[in-house]
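**Student:** Make a model of this:
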Amino acid sequence: MERHVASSARPREDDGDTTRPTVYGYISLQHDDEDEVTALHDQLTAYAEAEGLALAEVYVDRNVMPGQIIRPG
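**Tutor:** Below is the predicted model:
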């Protein structure tokens, strides 16, 4: 099951900095734990902000086993 999680780390138009590189996050979990998804999403957002990156979107794959080649996200 694929679900896109929108990010709050999009560049603000009023900050005057439109040159930040745009990046996308990806989270893959073997289970379906929304608390863990939220925590990892927050870590990705904080990292992007600290590095001056514009995190456009975070893709999340849930219930994906290691070695599974075909993934929803």
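**Student:** so which helix or strand takes in the spatially most central residue of the chain?
**Tutor:** The centre of the chain sits closest to residue 58, judged by Cα atoms, centre = their mean, with a distance of 2.5 Å. Element membership of residue 58, judged by DSSP states H and E, is strand 54-61.
**Student:** mind listing what that strand pairs with, with the direction of each?
**Tutor:** The strands that strand 54-61 pairs with in its sheet are strand 2-6 (antiparallel), strand 22-28 (parallel) (by DSSP bridges).
**Student:** what's the least confident helix or strand in this structure, going by average pLDDT?
**Tutor:** strand 2-6 (a mean of 47; mean pLDDT, DSSP states H and E).
**Student:** who's the residue nearest to the centre of the chain bridged to?
**Tutor:** With DSSP bridges applied, residue 58 shows beta-bridge pairing to residue 5, residue 25.
**Student:** From residue 33, how far off is it?
**Tutor:** Here residue 58 is placed at a distance of 15 Å from residue 33 (Cβ to Cβ, to the nearest Å). Using the backbone N, CA and C atoms, a C-beta is placed for each residue, glycine as well.
**Student:** Ok, residue 41 next?
**Tutor:** Distance, residue 41 to residue 33, by Cβ to Cβ: 12 Å.
**Student:** So which of the two has more stuff around it?
**Tutor:** Using other Cβ atoms under 10 Å as the criterion, residue 41 and residue 33 rank with residue 41 on top: 20 against 12.
**Student:** now the angle between strand 22-28 and the one helix or strand the more buried one maps to, please.
**Tutor:** In the assignment (DSSP H and E), residue 41 maps to helix 34-51. Relative orientation of helix 34-51 versus strand 22-28 (axes from the mean of the first three to the mean of the last three Cα atoms, to 10 degrees): 150 degrees.
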